[in-house]
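A.B. asks: Build me a structure from this.
(one chain, ligands or ions: 3)
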Amino acid sequence: MDFQITLLPGDGIGPEVIEKAVQILQIIEKFTDNRFHFSKELIGGCSIDANGTALTEEVLNACRQSDAVLLGAVGGPKWDNPDSNIRPEQGLLALRKGLKVYANLRPVKVHPALMAASPLKEEKLSGVDMLVVRELTGGLYFGEPKGRSIINGQEHAVDTLIYSEEEIRRIVKMSFELARNRRKKVTSVDKANVLESSRLWRKVAMEVSRDFPDVILEHMLVDTASMRLVTSPSSFDVIVTENMFGDILTDEASVLTGSMGMLPSASLGNGKPGLYEPIHGSAPDIAGKGIANPIGMILSAALMLRFSLQMEKEALMIEQAVNRTIADGCRTADMGGSLSTEMMTEEIIRRIHE
Ligand SMILES: NC(=O)c1ccc[n+]([C@@H]2O[C@H](COP(=O)([O-])OP(=O)(O)OC[C@H]3O[C@@H](n4cnc5c(N)ncnc54)[C@H](O)[C@@H]3O)[C@@H](O)[C@H]2O)c1
Ligand SMILES: CC(C)[C@H](C(=O)O)[C@@H](O)C(=O)O
Ligand SMILES: [Mg+2]
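C.D. replies: Residues are numbered from 1 along each chain as shown. Ligands and ions are numbered 1, 2, ... in the order given. Below you'll find the predicted structure:
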């Protein structure tokens, strides 16, 4: 089959890591009868510089027409002006909303060879294998009203945390379906002791759970969840939560795996295309040095093969090659080693061929 893949390298280390994911996909292609057709487009700060907006309608349409979208990262100090409402991150949010990818899957697994390097003790890390399902197109990121205004001579700002029953139901239902093929436990994370939106979230989660008697549902407050992620991370199977809680908890969870640079994600809606991006950002502190860890991006490409292109065998080829590379001691700087982005990718490619 022929697959159209839109590449959105973005800013900072985004172009550095996406180039490596493409290199890996071109190797994988040779093992199959499928053909990947890549087209590169602008998003984020580079799009602001070229077009005055972080995502043009043309680029969004190109993404909509493709089979899958691979994204590096957006943002950077050049565009960080608290008073500007033209921001790189807006492009990413418009893309997620425009593609209707409401479910952001962020798998968190700890490789045994990286346990010693983690700030947590090895016994706590053994068995850590969770899937965070983050709601991606609602909540505080998108709720209206949103904005700034002058009230009584003082500037005020508002963001709105709003969810409809339907928005909650579809993401919770997907989490239960995913849990069925895992360890059959869903932890729904909210702040129901304070937030009305969380109390609706909890009610809908309980309703959905009735259709999944084989899956355990537990509710956990987000502050407790952030503590449990470090005290008993292996107790989690599937975590489902609203947009901002999911954003924060997954950066925390990434530390368990050894580095921010390790975690991939898949953003899915009801149809194609899916959007695939590492959870990390544009890492301005290391951009341009050729030392970024490409693993989160490469594993995102594997998720793309699995979820959008139905290429499970090839997704596993990439994941197993990455696992062997780590087991053999290959490390970029963030993992405590000295391999460049290029060298790490070469090591992974070598193991795909083995
Ligand atoms: N999906 C995205 O595009 C995305 C995600 C998060 C942040 N951002 C944006 O990125 C910019 C920088 O944000 P930040 O610095 O808070 O977060 P960041 O994720 O870019 O970086 C946090 C820390 O992790 C390190 N890091 C991240 N990815 C790495 C990798 N692949 N290899 C090695 N080290 C890595 C960085 O060097 C930095 O020290 C901001 O503009 C932010 O809005 C974008
Ligand atoms: C850059 C930002 C808008 C984004 C988010 O908060 O969703 C990022 O932190 C992420 O985790 O993908
Ligand atoms: Mg984030």
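
A.B. asks: Which positions in the stretch 51-200 of the chain make contact with ligand 2?
C.D. replies: Contact residues, the stretch 51-200 of the chain versus ligand 2 (CB under 6 Å from any ligand atom): 75, 89, 92. In this view, the C-beta of every residue, glycine as well, is placed from N, C-alpha and C.

A.B. asks: between these, which is closest to residue 35?
C.D. replies: Each of those was checked against residue 35 using CB to CB; the closest is residue 92, at 28.3 Å.

A.B. asks: Closest residue of the stretch 251-354 of the chain to ligand 1?
C.D. replies: Using CB to the nearest ligand atom, residue 281 is the residue of the stretch 251-354 of the chain that sits closest to ligand 1, at 2.4 Å.

A.B. asks: Same check on the stretch 1-150 of the chain?
C.D. replies: Here the stretch 1-150 of the chain gets closest to ligand 1 at one residue, residue 75, 2.4 Å apart by CB to the nearest ligand atom.

A.B. asks: got the contact list for residue 225?
C.D. replies: Residues in contact with residue 225 (CB atoms under 8 Å, 6 or more residues apart in numbering) are 187, 189, 239, 241, 245, 249.

A.B. asks: and it, helix, strand or coil?
C.D. replies: helix (DSSP: H, G, I helix; E, B strand; the rest coil).

A.B. asks: Leaving out chain neighbours, which residue sits closest to residue 156?
C.D. replies: Spatial nearest neighbour of residue 156, chain neighbours left out: residue 149 (5.8 Å); criterion: CB to CB, 6 or more residues apart in numbering.

A.B. asks: that older thread, part of a strand, is the residue of the stretch 1-150 of the chain closest to ligand 1?
C.D. replies: No - read with three-state DSSP, residue 75 is coil and lies in no strand.

A.B. asks: Tell me where the stretch 251-354 of the chain has strands.
C.D. replies: Assigned by DSSP state E, counting those that start in this stretch, the strands in the stretch 251-354 of the chain fall at 266-268, 274-276.

A.B. asks: The first one packs against which elements?
C.D. replies: Contacts defined by 3 or more CB pairs under 8 Å, 6 or more residues apart in numbering; DSSP states H and E place strand 266-268 against strand 103-109, strand 274-276, helix 295-307.

A.B. asks: which residues sit against that strand?
C.D. replies: Under CB under 8 Å, 6+ apart, the answer for strand 266-268 is 96, 99, 101-105, 136, 174, 274-277, 300, 303-304, 306-307.

A.B. asks: Dump the helices and strands packed on strand 266-268 to TSV, plus mean pLDDT and mean neighbour count.
C.D. replies: Shown next, in TSV, are the helices and strands packed on strand 266-268 (pLDDT from 0 to 100; neighbours: other CB atoms under 10 Å):
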stretch	mean pLDDT	mean neighbour count
strand 103-109	97	22
strand 274-276	98	26
helix 295-307	98	26
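
A.B. asks: want to throw those into a markdown table with distance to residue 200?
C.D. replies: Formatted as a markdown table, the helices and strands packed on strand 266-268 follow (distance: least, CB to CB, whole Å):
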| stretch | distance to residue 200 |
| --- | --- |
| strand 103-109 | 18 |
| strand 274-276 | 27 |
| helix 295-307 | 29 |
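
A.B. asks: Please convert these to a markdown table, extending it with distance to ligand 1.
C.D. replies: Formatted as a markdown table, the helices and strands packed on strand 266-268 follow (distance: least, CB to the nearest ligand atom, whole Å):
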| stretch | distance to ligand 1 |
| --- | --- |
| strand 103-109 | 10 |
| strand 274-276 | 10 |
| helix 295-307 | 6 |
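
A.B. asks: quick one: which of the ones you listed is nearest residue 214?
C.D. replies: Nearest of those to residue 214, taken as CB to CB: strand 103-109 at 20.7 Å.

A.B. asks: what's in contact with that closest one?
C.D. replies: 128-136, 170-171, 174, 178, 246, 250, 253-254, 256-257, 263-269, 279, 303.

A.B. asks: and the stretch 1-150 of the chain, which of its residues are near ligand 1?
C.D. replies: Proximity of the stretch 1-150 of the chain to ligand 1, by CB under 6 Å from any ligand atom, involves residues 13, 17, 73, 74, 75, 76, 89, 92.

A.B. asks: farthest-separated two in those residues?
C.D. replies: 17 and 89 (18.0 Å).

A.B. asks: quick one, what contacts the residue of the stretch 151-300 of the chain at minimum distance from ligand 2?
C.D. replies: Across the stretch 151-300 of the chain, the shortest distance to ligand 2 (CB to the nearest ligand atom) belongs to residue 247, at 4.2 Å. Applying CB under 8 Å, 6+ apart to residue 247 gives the contacts residue 134.

A.B. asks: oh, and call the first residue 169 from now on, that's how I've got it
C.D. replies: Yes, from this point I'll number from 169; that puts the last item at residue 415.

A.B. asks: if I've got this straight, it is in a helix?
C.D. replies: Yes - under three-state DSSP, residue 415 sits within a helix.

A.B. asks: distance of it from residue 383?
C.D. replies: 25 Å (CB to CB, to the nearest Å).

A.B. asks: Same question for residue 262.
C.D. replies: In terms of CB to CB, residue 262 sits 34 Å off from residue 383.

A.B. asks: These two: which is more packed in?
C.D. replies: The residue with more neighbours, out of residue 262 and residue 383, is residue 383; 21 against 18, by other CB atoms under 10 Å.

A.B. asks: Would you agree the more buried one is in contact with residue 356?
C.D. replies: No - taking contacts as CB atoms under 8 Å, residue 383 lies outside contact range of residue 356: 11.4 Å.
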